[in-house]
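Asks: Make a model of this:
(one chain, ligands or ions: 1)
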Amino acid sequence: MENYELNSFQQKPEFHFPEPSVSSSGFDWEKAKNLNQETEVLAMEEDENEESLADLMVCDSGSRLVPSGFTNPCCTEEIVLFVNAGAMTPMESDSGVKFLADKFFEGGDTFQTEEFINDGGHCSFIYQSARLGNFCYRIDNLPPGDYFLDLHFILSDFDIFSIVGSNKPLQLVGARVAIKDDGILVLRFEGILGSPVVSGICVRRAPKTSEKVLRTKSIAKYEKNIQDLKDMLERKTDECYQSWMSWTAANEQLEKVRMELDNKTFRTYSLDQTLEKQADKIRDISSKYEHDQKSWKVAINSLEQKVKVMKREHSQLSREAHECVDSIPDLHKMVFAVQTLVEQCEDLKVKYNEEQIKRRKLHNQVQEAKGNIRVFCRCRPLSKPETIAGCASVIDFDAAKDGELCILSNGSTKRPFKFDRVYTPKDDQVDVFADAAPMVVSVLDGYNVCIFAYGQTGTGKTFTMEGTETNRGVNYRTLEELFKIANERTETYTYNISVSVLEVYNEQIRDLLAIETSKKLEIKQASEGFHHIPGIVEAKVENIRQVWNVLQAGSSARAVGSNNVNEHSSRSHCMLCIMVRANNLITGECTKSKLWLVDLAGSERLAKTDVQGDRLKEAQNINRSLSALGDVISALANKSSHIPYRNSKLTHLLQDSLGGDSKTLMFVQISPSDQDLSETLSSLNFATRVRGVELGPARKQIDTSELQKMKTMLDKAKQESRSKDESLKKLEENLHNLESKAKGKDQVYKNQLDKIKELEGQLELKTSLHCQSEKQVLHLSERLKGKEESCSRLQQKVNDLENKLREQIQQSESSTLILQHKIKELEDKVREQEKQLASTMTLESAANPLKSSTPVESKRPIREEITHEAEHRILRSLNSVNRRGSQGSVLVKENDAPHEVVVRKKRLSRNGEVENNNNNNSVVPTPVSDNNKGRFSDPPKHVPRVSRTTAKPIIASQRPVARSKTSRDPVQGIKERDSKKRMWTR
Ligand SMILES: Nc1ncnc2c1ncn2[C@@H]1O[C@H](COP(=O)(O)OP(=O)(O)OP(=O)(O)O)[C@@H](O)[C@H]1O
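Replies: Numbering: from 1, shown residues only. Below you'll find the model as predicted:
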């Protein structure tokens with residue numbers, strides 16, 4: 001509230017007070033200063049010219065709060081108290097107050113007034129809580145009567161000096177005070193904002209003047225006051241008008257700024273929207289472009305890979321095609337050469353077959369020349385027991401090389417025997433097998449062969465056939481030779497060789513390789529000239545090591561169940577059957593031949609052995625089987641139609657390999673001892689009989705089933721040849737197709753290259769578009785930044801303008817409020833004065849008849865009383881005016897106490913409302929709520945609405961003459977103007 005007042009004063013700098021005039025006042029300031037320095041309290045003598053003193057005080061204060069023109073011509077006595085207010089700074093020289101404050105009065109300090117007041121009273125100064133604004137002065141022992149009170153004080157924390165000038169004190173001058181009989185005058189400050197520091201108190205005795213002069217002066221003073229108030233009202237009206245105009249202009253400016261701000265905000269918002277849309281578009285384009293770029297890159301990479309692969313395939317196909325094309329003549333040549341070679345080969349094959357046939361024929365002729373049953377005689381050396389026993393050799397080997405031997409009998413008689421070969425005891429296993437080896441070739445050529453050893457027990461049959469581990473016999477060597485020749489013929493023959501090991505004991509066949517040996521085996525004829533034993537184990541062997549294992553297994557099985565191995569072996573036939581299946585790879589001829597290697601049981605005469613029981617039976621069975629063998633041989637020799645093979649198991653087993661179309665080799669084993677002479681002769685005779693058998697040419701054992709198989713294979717081969725020819729044709733067609741495909745791929749490759757070039761062009765275009773988009777994004781970003789900066793600057797400007805406008809609005813509102821309040825007070829005051837004048841006039845009119853009827857002495861007290869009362873009223877009204885006109889600075893109340901003047905400062909509420917304002921019709925601007933303070937949006941809208949409805953008509957009504965431009969109701973304006981005119985004329 002204080003700020004509003006100050007600002008309103010600032011807007012009216014022309015408001016001034018008369019210059020001080022020291023000379024006219026007659027006040028000795030130098031004396032006062034000196035007194036002040038000495039005693040701090042200066043008493044001033046009564047001055048007859050108190051009016052000039054009052055003027056002086058007004059001039060000194062420089063404050064408009066002092067009622068100017070106040071005079072008291074009746075003043076006969078004056079008491080002035082100058083109180084030094086220590087905190088004061090030296091006053092300006094032009095202020096009229098020349099004394100300095102040297103000492104600060106603390107609370108409770110008192111000072112006497114006896115020596116300054118000529119009637120013996122004193123003044124006490126009570127400094128109370130100046131900072132709270134509540135303190136009072138008490139002056140005692142004043143003579144009862146009427147006084148004028150002048151008061152100098154300073155509000156140190158109240159910036160009123162910006163209005164009244166620096167260090168100029170406020171002043172209350174000419175307040176009329178009636179002192180009662182107690183002689184006490186109390187000055188009380190209450191509710192003052194700021195820290196009042198009293199610099200001077202002046203109590204003057206009110207002059208006793210005549211009632212008429214008083215009335216005249218009072219009226220003149222009132223008229224002057226009224227004129228001043230008129231002037232002031234005029235000025236204030238102008239101020240209000242100017243404030244209103246400035247406020248309206250500010251409002252319009254604010255509206256414009258607001259409109260501009262709205263436009264800018266809208267433009268900024270639309271620009272932001274546009275920018276955001278463009279940024280979104282650019283973002284979408286960028287993302288699409290990046291996505292397209294990635295997909296294009298992937299597609300291009302895959303196309304490049306495909307093109308590379310196709311190039312590679314194309315080059316390879318081209319190369320292959322060229323190679324094929326180049327190789328076609330060579331291929332033809334090669335085909336021709338191969339055909340030639342095949343023809344040559346066929347010729348060679350034919351020749352080879354012819355040669356083979358010739359060789360076989362020759363071989364067979366040789367064999368036949370040698371005999372199909374060949375007999376080799378082998379004699380063992382004398383054993384140690386025989387040598388120890390003194391046995392002599394009865395064998396003469398002188399012609400052994402020619403296959404002849406002689407038996408010495410009866411000392412000198414020689415009986416010659418001729419065989420195919422005679423082996424002396426000195427001949428070893430190698431010599432024996434060398435003659436048997438050609439039989440192996442015959443077996444592999446497809447002929448059945450039987451090699452057996454015959455002889456007395458202990459003559460070396462087993463030794464010749466099996467041999468020992470270090471000195472292998474015919475069996476092992478035969479098989480070894482068999483595999484050797486078979487391996488040599490791998491290019492022309494394939495052989496399938498299997499081995500079976502049998503034992504014939506007591507006319508029973510026993511499979512020595514079978515697990516279950518008790519099984520009874522029988523001989524059956526599978527096809528013409530081929531016998532076999534169903535269920536017999538045929539162990540396939542592929543090398544000599546396997547053969548040896550099989551032979552060992554057979555030997556082991558032979559030993560089982562026999563207490564005496566040697567005896568058992570002597571009484572059983574051990575038969576080794578080697579089955580050879582041959583396939584001529586050139587002619588396709590298949591043969592299945594047998595090789596029997598038989599270690600016969602010992603042949604001995606029963607009489608000699610003189611055996612009984614089982615042993616006899618065994619011997620009989622052996623003799624039976626051996627005689628059956630002899631019978632077969634005899635039949636063969638006699639070329640009998642019936643060959644008794646089935647008389648024994650031995651001959652039955654050897655049926656297809658003994659005689660007829662087979663080749664037979666017999667080792668007749670003899671003992672050189674003279675003690676075995678008869679057995680030797682028997683064996684030699686049997687051998688001689690066997691040797692006499694002519695079996696005729698051997699027949700090749702052709703396997704017809706194999707032939708059939710070969711025929712089917714041939715058909716298959718022909719079919720395969722045909723299919724191969726067809727596949728060759730297909731391959732040629734494929735070659736042609738590949739060439740055509742290669743040409744097509746060439747075309748695709750060219751097309752792909754064109755596509756790649758096109759895609760590269762599109763990629764470059766997309767890249768340039770992307771660059772342009774990025775540039776646009778950058779440009780738009782910069783523009784956006786600039787717009788944002790301009791928006792922020794505009795926002796800042798708007799904020800500043802808002803603040804300024806708010807301040808101006810607040811100032812204008814405050815000034816309007818103050819002016820309205822002042823106008824209201826002035827109107828009240830004028831109304832009150834009008835009433836007082838009316839009452840005065842009434843009293844005068846009433847007093848005139850009384851004056852004429854009543855003596856002067858009796859009327860005088862009444863007139864004085866009336867005058868006194870009128871003066872009181874005037875003083876009260878003046879005080880009221882002074883109080884209201886002083887903007888709450890000083891209030892003098894008459895009703896508080898008869899001898900007490902209470903100086904108060906009127907409080908103004910912070911929101912602009914004036915306390916004790918009973919005029920409900922008065923227009924008070926709507927206070928700005930705390931919530932609306934400081935906001936920008938509310939004041940421009942709210943303030944003009946209030947001002948248009950309330951402030952303007954009031955201002956117009958308050959300036960009826962000066963401002964005729966203001967728009968208002970003409971009738972109401974005329975009425976108001978008339979009433980005002982009446983009021984002012986009064
Ligand atoms: N040519 C030979 N040189 C050296 N020793 C031999 C010869 N022939 C046989 N013997 C020896 O004579 C003995 C009898 O031989 P072997 O057992 O082979 O006769 P065997 O005719 O098989 O008899 P068995 O009919 O009883 O089986 C053996 O110890 C053997 O080593």
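Asks: Domain-wise, how is the protein divided?
Replies: 1-208+888-925, 373-696 (automatic domain parsing).
Asks: what about the last one, near the ligand?
Replies: Yes. Contact between domain 373-696 and the ligand is present through 380-381, 383, 425, 455, 457-463, 569-570, 602, 669 (criterion: Cβ under 6 Å from any ligand atom). Bear in mind the C-beta positions are built from the backbone N, C-alpha and C, glycine included.
Asks: quick revisit: ranking the domains of the chain by mean pLDDT, which is last?
Replies: Lowest mean pLDDT within the domains of the chain: domain 1-208+888-925, a mean of 43.
Asks: Narrow the residues of domain 373-696 next to the ligand to those in helices?
Replies: 461, 462, 463, 569, 570 (DSSP state H).
Asks: from these, which two are the most distant?
Replies: The two members of those with the most space between them (Cβ to Cβ) are 463 and 570, at 12.6 Å.
Asks: longest single helix anywhere in this protein?
Replies: The chain, longest helix under DSSP H: helix 211-370.
Asks: list the helices and strands that helix packs on?
Replies: In terms of contacts (3 or more Cβ pairs under 8 Å, 6 or more residues apart in numbering; DSSP states H and E), helix 211-370 is packed against helix 429-444, helix 704-853, helix 856-885, helix 938-946, helix 952-958.
Asks: give me that answer again for 6 Å
Replies: helix 704-853, helix 856-885, helix 938-946, helix 952-958 (3 or more Cβ pairs under 6 Å, 6 or more residues apart in numbering; DSSP states H and E).
Asks: Please enumerate residues in contact with stretch 654-668?
Replies: With Cβ atoms under 6 Å, 6 or more residues apart in numbering as the test, stretch 654-668 has contacts from 372-378, 436, 439, 442, 447-455, 464, 529-531, 594, 596, 636, 645, 683, 687, 690, 695, 698-699.
Asks: same question, stretch 616-631
Replies: Under Cβ under 6 Å, 6+ apart, the answer for stretch 616-631 is 506, 507, 571, 601, 603, 606, 611, 644, 647, 648, 650, 651.
Asks: And residue 347, how close does it get to residue 341?
Replies: 10 Å (Cβ to Cβ, to the nearest Å).
Asks: Which pLDDT value belongs to residue 844?
Replies: 65.
Asks: oh, I was asking about residue 259
Replies: We have a pLDDT of 91 for residue 259.
Asks: Measure how buried it is and give me the count.
Replies: Counted by other Cβ atoms under 10 Å, the residues lying close to residue 259 total 10.
Asks: How about residue 595?
Replies: Each residue near residue 595 was counted by other Cβ under 10 Å, and the total is 27.
Asks: ditto for residue 532
Replies: Residues near residue 532, counting by other Cβ under 10 Å: 18.
Asks: Settle this for me: it is touching residue 526, isn't it.
Replies: Yes. Here residue 532 reaches residue 526: they are 5.1 Å apart, a contact under Cβ atoms under 6 Å.
Asks: For the residue of the chain found nearest the ligand, give its distance to residue 763.
Replies: Closest residue of the chain to the ligand, Cβ to the nearest ligand atom: residue 460 (2.4 Å). Relative to residue 763, residue 460 is positioned 102 Å away (Cβ to Cβ).
Asks: quick one, which of the two is more surrounded?
Replies: residue 460 (22 against 15).
Asks: So which of the ones in helices among the residues of domain 373-696 next to the ligand is surrounded by the most neighbours?
Replies: Counting by other Cβ under 10 Å, top hit in those: residue 461 with 29 neighbours.
Asks: Now do the contacts for that residue.
Replies: Residue 461 neighbours (Cβ under 6 Å, 6+ apart): 453, 455, 599, 669.
Asks: top of those residues by neighbour count?
Replies: Most crowded among these, counting by other Cβ under 10 Å, is residue 455 at 31 neighbours.
Asks: Report the beta-bridge partner residues of it.
Replies: residue 669 (DSSP bridges).
Asks: can I assume it is in contact with residue 669?
Replies: Yes. In this structure, residue 455 is within contact of residue 669 by Cβ under 6 Å, at 3.0 Å.
Asks: What separation is there between residue 281 and residue 773?
Replies: 9 Å.
Asks: err, residue 504, not the other one
Replies: 109 Å.
Asks: Same check on residue 736?
Replies: Residue 736 is 54 Å from residue 773, by Cβ to Cβ.
Asks: coming back round to it: am I right that the residue of the chain closest to the ligand is in contact with residue 670?
Replies: No. At 8.7 Å, residue 460 does not count as touching residue 670 under the criterion of Cβ under 6 Å.
Asks: picking that back up, between residue 504 and residue 773, point out the one with more neighbours.
Replies: Taking other Cβ under 10 Å, residue 504 and residue 773 do not tie; residue 504 has more neighbours (24 against 16).
Asks: number of nearby residues for the spatially closest residue to the more buried one that is not a sequence neighbour?
Replies: Ranked by Cβ to Cβ, 6 or more residues apart in numbering and with sequence neighbours excluded, the top spatial neighbour of residue 504 is residue 573, at 4.2 Å. When neighbours are counted by other Cβ under 10 Å, residue 573 registers 25.
Asks: surely residue 573 meets residue 599?
Replies: No. Between residue 573 and residue 599 there is no contact under Cβ under 6 Å: 7.0 Å.
Asks: can you pull up the bridge partners for residue 408?
Replies: Bridge pairing for residue 408 - DSSP bridges - gives residue 414.
Asks: Can you tell me the number of residues neighbouring it?
Replies: Using other Cβ under 10 Å: residue 408 sits among 16 other residues.
Asks: Surely it touches residue 393?
Replies: No. If you go by Cβ under 6 Å, residue 408 and residue 393 don't touch, sitting 8.1 Å apart.
Asks: residues shared between the contacts of those two?
Replies: Residues touching both residue 408 and residue 393 (Cβ under 6 Å, 6+ apart): none.
Asks: Next up, the contacts around residue 348.
Replies: By Cβ under 6 Å, 6+ apart, residue 348 has no neighbours at all.
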